[in-house]
Structures are given as structure tokens and as C-alpha cells.
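*Asks:* Coordinates only, no sequence provided:
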Ligand SMILES: [Fe+2]
């Protein structure tokens, strides 16, 4: 969980940045984007706090470091599978051939 949750917080700011960029590109109302804009900074702080207060203190043995790395990879892989699936659906709806996720 240490690696999994750390990776979750680490990925969030870039995702919020992408949402904000798309929101602005589409000209959607400002009222709906405040949460996402705030969380670019908030989740950057969460990620830094998690790293300094949880990851570093927990990574005192090779066993823990392997577990943290395993959790981070689980999160990154689940995210990749989800995004590959979303990309395939977007490609299908655009009349393009989906790229099969491995
Ligand atoms: Fe957060």
C-alpha cells in the first residue's frame, strides 16, 4: 500500500493538469474546474508528504523497499491498463482501429 498510494498521489497532478488543459480547450465554465485546478498543487503536496513521511521512513529494509516498489508498479500497471482501455474506446468512437492492450 505504501508504494501503491504514493504512486497514486504522484500521478494525480499531471492528470489534473491534463483535465484543466482539456477543460480550457473546450471552453467549459470556470465553475466546474476549480477542484481540479486546486488539486494540481494539493496532490503535489500530498505526494511530497507521503514520500518524506511514509516512504522514506518505511524503506529501511530490502524487504520493505521491494514491497514499496511492487505497490508502485501495481498502481502504474493498473493505471496503464485503464488508460489503454480508454484510448481504445476513444479510437473506436473516432472510427479508428484500437490498439490492443497487452
Ligand atoms: Fe491527494
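*Replies:* Ah, there it is. Remember, it's a predicted structure, so these values are computed and weren't measured experimentally. Residues are numbered from 1 along each chain as shown.
*Asks:* just checking, residue 99 touches residue 88?
*Replies:* Yes. Assessed by CB atoms under 8 Å, residue 99 is found in contact with residue 88 at 6.4 Å. C-beta here means a position set from N, CA and C on the backbone, and glycine is covered the same way.
*Asks:* Could you check which of the two has the larger neighbour count?
*Replies:* Set residue 99 next to residue 88 and count neighbours by other CB atoms under 10 Å: residue 88 wins out with 16 against 10.
*Asks:* Which helix or strand contains residue 37?
*Replies:* helix 34-50 (DSSP states H and E).
*Asks:* Give the other helices and strands that that helix contacts.
*Replies:* helix 2-25 (3 or more CB pairs under 8 Å, 6 or more residues apart in numbering; DSSP states H and E).
*Asks:* Once you drop chain neighbours, what's closest to the residue of the chain found nearest the ion?
*Replies:* Closest approach between the chain and the ion, counting by CB to the ion: residue 46, at 3.6 Å. Spatial nearest neighbour of residue 46, excluding adjacent residues (CB to CB, 6 or more residues apart in numbering): residue 9 at 4.5 Å.
*Asks:* Burial check on that neighbour, number of neighbours?
*Replies:* 19.
*Asks:* wait, doesn't it sit right on residue 52?
*Replies:* No. If you go by CB under 8 Å, residue 9 and residue 52 don't touch, sitting 11.9 Å apart.
*Asks:* mind listing what's buried in the lengthiest helix in the chain?
*Replies:* Determined from DSSP state H, the single longest helix within the chain is helix 62-93. Buried residues in helix 62-93, counted by 16 or more other CB atoms under 10 Å: 67, 68, 71, 72, 75, 76, 88.
*Asks:* helices or strands up against it?
*Replies:* helix 2-25.
*Asks:* got the angle between the helix it packs on and helix 62-93?
*Replies:* 30 degrees (axes from the mean of the first three to the mean of the last three CA atoms, to 10 degrees).
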